[in-house]
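J.: pasting a predicted model and its sequence here:
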Amino acid sequence: MGSTERTGLAGLTGLLDDKVLLVNGGSQGVGAAIVRAAVREGATVVFTGRRADVGEKLAADTGARFVRADLADPAQARDSVVRTAEAYGRIDCLVNAAGLTSRGSLLDTTPELFDQHMAINLKAPFFAMQAAVADMTSRSAPGTIVNIGSNCAHGGPPYLAPYSTAKAGLAGLTRNAAHAHRFDRIRINTLNIGWTDTEGEDATQRAFHGAGDDWREQAAARQPMGKLGQPDEIADFVVFLLSDRSGVVTGSVIDWDQNVLGALD
């Protein structure tokens with residue numbers, strides 16, 4: 001199974017034994033890395049994506065279960081949770097990893113583009129969380145949710161206006177829901193990731209920024225750690241947040257990046 005056989009985070013293994021996990025947006029990029037890490041750590045994993053060929057290949061490689069879904073439709077976002085609970089009797093953990101990063105500034109974003117960003121980056125997590133928390137509370141059972149946010153929630157570049165707006169909303173949703181359900185023992189956190197080396201980022205760089213084949217090397221050379229964020233490293237952190245080993249932490253919006261926000265040279 002390749003990366004699913006790696007040693008767990010900090011030598012820990014079995015972090016998600018006996019947990020039922022849904023990864024929305026799990027067919028590629030960071031989401032796929034989370035699927036692999038969660039399977040490695042003992043979880044029963046369901047994941048969603050729009051492309052059946054990509055999803056079915058990852059399912060075959062990992063043993064996870066693929067559910068085709070278009071998360072722009074809130075009914076399908078909710079249904080992904082319902083189908084997971086129907087298949088396995090419950091849902092213990094949820095990761096919202098789907099993301100849309102198409103470009104748009106304040107001046108050139110159309111209402112249609114704005115709505116697309118809200119649908120994928122904010123509305124889908126909202127209604128998936130609604131369904132997951134409803135299942136957990138109906139069973140009086142604890143659970144964990146991790147949302148994949150972005151450091152753009154703090155402002156972002158001018159060409160990511162609707163994306164930054166949606167991710168800021170996701171941070172607020174995380175805090176609100178975590179507070180509302182803290183006594184239900186449902187922990188909800190967001191990981192605001194920085195520039196990450198994924199298939200989707202490669203396509204974005206080529207489509208919107210005219211990047212060539214060496215864009216990764218050029219970008220890495222400008223970063224403090226000499227590399228872009230790596231999906232498998234992010235996945236290990238997400239698995240830890242989902243697991244009981246992360247203790248009582250909830251309502252946290254964690255900046256996972258190599259640039260220190262707010263600091264100036």
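T.: Structure's in. What do you need? Numbers count the residues shown, from 1 in each chain.
J.: can you list the residue ranges for strands in this protein?
T.: In the chain, the strands defined using DSSP state E lie at 20-24, 44-49, 65-68, 93-96, 143-150, 186-193, 253-256.
J.: can you add mean neighbour count and distance to Ala38 and give those back as CSV?
T.: Any C-beta I mention is one placed from the backbone N, CA and C, and that applies to glycine too. As requested, the strands of the chain are exported to CSV (neighbours: other C-beta atoms under 10 Å; distance: least, C-beta to C-beta, whole Å):
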stretch, mean neighbour count, distance to Ala38
strand 20-24, 28, 5
strand 44-49, 27, 5
strand 65-68, 18, 12
strand 93-96, 29, 8
strand 143-150, 27, 11
strand 186-193, 24, 14
strand 253-256, 18, 17
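J.: and those strands: which comes nearest Ser243?
T.: Closest approach to Ser243 among the strands of the chain is made by strand 143-150 (7.7 Å; C-beta to C-beta).
J.: what packs against that closest one?
T.: Secondary-structure packing of strand 143-150 (3 or more C-beta pairs under 8 Å, 6 or more residues apart in numbering; DSSP states H and E): strand 93-96, helix 124-138, helix 161-180, strand 186-193, helix 231-242.
J.: residue contacts, the residue nearest to Gly31 when sequence neighbours are not counted?
T.: Setting aside the residues directly before and after it, Gly31 is nearest to Ala97 in space (C-beta to C-beta, 6 or more residues apart in numbering), at 3.5 Å. Ala97 is in contact with 23-26, 29-31, 34, 148, counting by C-beta atoms under 8 Å, 6 or more residues apart in numbering.
J.: recalculate using a threshold of 7 Å.
T.: With contact set as C-beta atoms under 7 Å, 6 or more residues apart in numbering, Ala97 has these partners: 23-26, 30-31, 34, 148.
J.: which pair in these spans the largest distance?
T.: Greatest spatial distance in the contacts of Ala97: Asn24 and Val30, 11.8 Å, computed using C-beta to C-beta.
J.: quick check: the residue nearest to Gly31 vs Glu56, distance?
T.: Distance, Ala97 to Glu56, by C-beta to C-beta, to the nearest Å: 18 Å.
J.: next one: Phe127
T.: From Phe127 across to Glu56, the span is 25 Å (C-beta to C-beta).
J.: more crowded one of these two?
T.: Phe127 (20 against 14; other C-beta atoms under 10 Å).
J.: how far away is the more buried one from Gln218?
T.: 39 Å.
J.: thinking again about what came up before, can you put the strands of the chain in JSON lines and add distance to Thr165?
T.: Output for these, formatted as JSON lines (distance: least, C-beta to C-beta, whole Å):
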{"stretch": "strand 20-24", "distance to Thr165": "20"}
{"stretch": "strand 44-49", "distance to Thr165": "24"}
{"stretch": "strand 65-68", "distance to Thr165": "28"}
{"stretch": "strand 93-96", "distance to Thr165": "17"}
{"stretch": "strand 143-150", "distance to Thr165": "11"}
{"stretch": "strand 186-193", "distance to Thr165": "14"}
{"stretch": "strand 253-256", "distance to Thr165": "15"}
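J.: mean pLDDT and distance to Gly169 added to these, as CSV?
T.: Rendered in CSV, the data for the strands of the chain read as follows (pLDDT from 0 to 100; distance: least, C-beta to C-beta, whole Å):
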stretch, mean pLDDT, distance to Gly169
strand 20-24, 98, 17
strand 44-49, 98, 21
strand 65-68, 98, 25
strand 93-96, 98, 12
strand 143-150, 98, 10
strand 186-193, 97, 11
strand 253-256, 96, 12
